[in-house]
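**Student:** Here is a sequence with its predicted model. Questions after.
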Amino acid sequence: MTNIKRVVFVFLTIGVVLLTGCSPFFVDNNTVEEIAPVIFWSIQDGKEGRLRISTMVPPLINEKKSLLTKQVDLLKQGRKDFNLIYYRELKLGQLRMVFISEDLARKGILPIIDTLLTDPDISQRLYLVIVKGNFEDYISNQVVKQENLDYFLYRMLKHYDTKNQGEITVTNLHQFMKRLYTPFSNPILPVYKVNKENFVYDGTAFFRDDRLVATISDMNDQILQLLDNDYYLKLLAIPSLMVTLGQIHSKVNIELVPDYSSISIKVKLDGRIEEYRGDKNIFDSDELADLNQEIESYFKKQTTTLLDNMQQWKVDPLQLGTHSLAPFSQPISEEKWLSAWEKMKINVDYQINLQTMKNMNR
Amino acid sequence: MPRYLVKPYMIWGILGVGLLSQINLMLLAKLFSSNYYAKGYPGFVQLFGKNAVRFFTFLGLFPILVKIDVLTLGVGEVVHQYIFPSMNSNWLLLSIFLVCFYVAVQGMEKTIRFVVIVFLSTIWMLIIFCPFFFPPIASLHDLYPLIPHDWSGISWSGLLLVWTSMSGPEMLVYLAPWLSPKQKMLKYLTIANTISTLEYLLLFTAALLFFGSNYLDKTRFPVLDMIRYLQFPAYERIDIVLISLHMFVLVFVNSILMLLFYGAIRILMGKGEEQTTLKGFTASLLIIFVSSLIINQWFWKSGGEQNIWMNLQIGVGAFTYFLVPTFLLVATKLKGCFKA
């Protein structure tokens, strides 16, 4: 008898613990049939300080999907207004992505982010994405062709986020906030270019405080991935040298001179040549060394230009400033670092170790 | 708690407070070896005399009341905010009190045994903080600098909070009659103290790595935010489960404190030696419940800053933890001197 009692007790406890969110007494009505969990929000600059926000409904059931758009003064006001024009109640518990338009990001996004942070329903793993172009057009054009458009977008971000796949920048709410508040680091967000047909990764946006100041793309973005973000790229194409490198891992060694007058960045790249369409015979060790040399100097030039640009934009997305910290010394102030960073002399050095594929046809 | 420490070098602060607490526990262990305390109420009467005991009990009511109220309201606020935002918080308080009432009615012995359940259902939670020690969000720089450059940077109120969090063992003096007198008290107290110190260290370091000290300063419930960041494939709102499990601790502490409160009231009414009654217990519990309702309704200001009640609780907790063992030990020694 006591055994049965025990089993019942255990099940009851588990039930009580797992069902805490669903209690019907005194609390929110969360009947699945009556709510519409929102997967993404897209926020654009609505002119004159207003916001233009849109989302897609319904995410769950088999009903024709449509895009809801509202011009609002406040973000949460938008949520309320959506509820008034749609028969289900929108819930933010499943909000996974927020797309912010580029011109809005240039004005500062802290108010938006604060609103998202204060809501206990919204996960801190919310992906933040900067969008160049008209996102509404894309959605309304594609929603007919792809049924689960919103979910697919989420899967893509998720794919590159979970296992540090390299390739692209993915930032969530928490990472953005941590970088925003930590001294010596500037937040970064991915940038996507969007038109009627496509939603394409375009590069990385650099923020100073909560304002977007610059975006980088293509080669610069790949260098950023190697220097800071994932230290790994699956593929790296260098069209000007007619070569594609694959499986590149990078080791970055940063040394800061104590008076902050110069910084040396040594990068070691390991990878393999996956494609070559130039006119060198890369199976000849001398010519391979030549190619290596060319790639090294190419990288060196690109990286130096990128870092120079960062100095001009007064941003430090690589968090180079954190190298001035040490366990047993007083940290310098952020202003001091920034003024030093603008004038800092940068030495970049690459060391590239490439393997050629044995069975390549020459 | 990590919220009030913020700077990385407070790691040493936690260690320091842990050591101080250890010294205090040694005093406490010494107390247990004297035979006054194992007897319970008669022992105290023997030590101080009846009226003095009454007076001290009267003083004792206040910290117990503050402790119960602040703990319940504090945890209640978290539950309210994260799990039942649309519910009236008074109902929440009532349900917490009903559970505590149920546990406490079982009697002191069963309530003390309840600690095993509490320990088993909460100690594993520390494991889930381990992922924060590994990249990508974490970097070693978040722990720098490890030494303070001036004294003003040290958060004394934070250290006081750690000290208060360590408090609680002083209550064991009044529970002595229910504990086996032959146990090696110091050994168990040391183990418990080490576990708490390590627990706070782990939480604080994890919070630093996760938030960085500047962002940590701006976060209201850092530990909860960390839990919410964790991802499990089957169940997303893991914070709901963990907050619920954490309620076990609250129920345990509250029940013990309620029983102590009832005991104190009985001594105050001069009925220390008589049989306990359910009616009396319910009455004393009503006092506690009503007081917490009043505080909740009119005096509890939830906001970014530590409110006055929290500060009061921290002060009182730190004070009793510091004073009770020393005071009782001195009293015992003096009594011994006079006898000899």
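**Tutor:** Yep, that arrived.
**Student:** tell me the SS of A:Pro183?
**Tutor:** Three-state assignment for A:Pro183 (DSSP: H, G, I helix; E, B strand; the rest coil): coil.
**Student:** next one: B:Gln81
**Tutor:** B:Gln81 ends up helix, using three-state DSSP.
**Student:** Can you give me the neighbour number for the closest residue to it other than its chain neighbours?
**Tutor:** Distances taken as C-beta to C-beta, 6 or more residues apart in numbering or on different chains put A:Pro120 closest to B:Gln81, at 6.3 Å, once the chain neighbours are dropped. All C-beta spots, glycine's among them, are computed from the backbone N, C-alpha and C. Using other C-beta atoms under 10 Å in any protein chain shown, the number of residues around A:Pro120 comes to 18.
**Student:** Wait, a helix at A:Pro120?
**Tutor:** No - read with three-state DSSP, A:Pro120 is coil and lies in no helix.
**Student:** thinking it is in contact with B:Phe84, fair?
**Tutor:** No - if you go by C-beta atoms under 8 Å, A:Pro120 and B:Phe84 don't touch, sitting 10.8 Å apart.
**Student:** which regions of the stretch 101-250 of chain B lie under the pLDDT threshold?
**Tutor:** B:135, B:153, B:181-183 (pLDDT under 70).
**Student:** Residues of it that sit close to chain A?
**Tutor:** B:136-137, B:139, B:141-147, B:149, B:210-212, B:214-215, B:218, B:225, B:228-229, B:231, B:235-237, B:240-241, B:244-245 (C-beta under 8 Å from any C-beta of the partner chain).
**Student:** Name all residues that make contact with the residue nearest to B:Gln81.
**Tutor:** B:81-82, B:85 (C-beta atoms under 8 Å, 6 or more residues apart in numbering or on different chains).
**Student:** Scan those and report the most crowded one.
**Tutor:** B:Tyr82 (18 neighbours).
**Student:** wait, what's in contact with it?
**Tutor:** B:Tyr82 touches A:120, B:224, B:239-240, B:243, counting by C-beta under 8 Å, 6+ apart.
**Student:** if we go to 6 Å?
**Tutor:** Contact analysis of B:Tyr82 by C-beta atoms under 6 Å, 6 or more residues apart in numbering or on different chains lists A:120, B:239.
**Student:** And A:Lys178, by the same measure?
**Tutor:** A:Lys178 touches B:212, B:215, counting by C-beta under 6 Å, 6+ apart.
**Student:** in which helix or strand would I find it?
**Tutor:** helix A:173-181 (DSSP states H and E).
**Student:** Show me which positions of that helix end up buried.
**Tutor:** Neighbour counts over helix A:173-181 (16 or more other C-beta atoms under 10 Å in any protein chain shown) mark A:173-181 as buried.
**Student:** Relative to chain A, how far out is B:Ala38?
**Tutor:** 34 Å (C-beta to the nearest C-beta, to the nearest Å).
**Student:** Any idea how many residues pack against B:Leu293?
**Tutor:** Residues near B:Leu293, counting by other C-beta under 10 Å: 17.
**Student:** Show me what the host helix or strand of it is in contact with.
**Tutor:** Assignment of secondary structure by DSSP H and E places B:Leu293 within helix B:278-294. Outside helix B:278-294, the residues that touch it by C-beta under 6 Å, 6+ apart are B:68-69, B:72, B:97, B:101, B:258, B:261-262, B:265.
**Student:** Now render the buried residues of helix A:173-181 as JSON lines, adding pLDDT and distance to A:Met242.
**Tutor:** Listed next are the buried residues of helix A:173-181 as JSON lines, based on pLDDT from 0 to 100; distance: C-beta to C-beta, whole Å:
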{"residue": "A:Leu173", "pLDDT": "92", "distance to A:Met242": "41"}
{"residue": "A:His174", "pLDDT": "91", "distance to A:Met242": "42"}
{"residue": "A:Gln175", "pLDDT": "90", "distance to A:Met242": "37"}
{"residue": "A:Phe176", "pLDDT": "92", "distance to A:Met242": "38"}
{"residue": "A:Met177", "pLDDT": "92", "distance to A:Met242": "43"}
{"residue": "A:Lys178", "pLDDT": "91", "distance to A:Met242": "41"}
{"residue": "A:Arg179", "pLDDT": "90", "distance to A:Met242": "37"}
{"residue": "A:Leu180", "pLDDT": "92", "distance to A:Met242": "41"}
{"residue": "A:Tyr181", "pLDDT": "90", "distance to A:Met242": "45"}
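**Student:** Next one: residue 334, what pLDDT does it get?
**Tutor:** All of this refers to chain A. We have a pLDDT of 83 for A:Glu334.
**Student:** right idea, wrong chain: chain B
**Tutor:** For B:Leu334, pLDDT reads 83.
**Student:** other SSEs contacting the host helix or strand of it?
**Tutor:** When secondary structure is defined using DSSP H and E, the element that contains B:Leu334 is helix B:308-339. Judged by 3 or more C-beta pairs under 6 Å, 6 or more residues apart in numbering or on different chains; DSSP states H and E, helix B:308-339 is in contact with helix B:10-33, helix B:50-82, helix B:156-166.
**Student:** one more time with 10 Å, if that's ok
**Tutor:** helix B:10-33, helix B:41-48, helix B:50-82, helix B:156-166, helix B:172-175 (3 or more C-beta pairs under 10 Å, 6 or more residues apart in numbering or on different chains; DSSP states H and E).
**Student:** angle of the second one against helix B:50-82?
**Tutor:** Using axes from the mean of the first three to the mean of the last three C-alpha atoms, to 10 degrees, one finds that helix B:41-48 and helix B:50-82 are set 120 degrees apart in direction.
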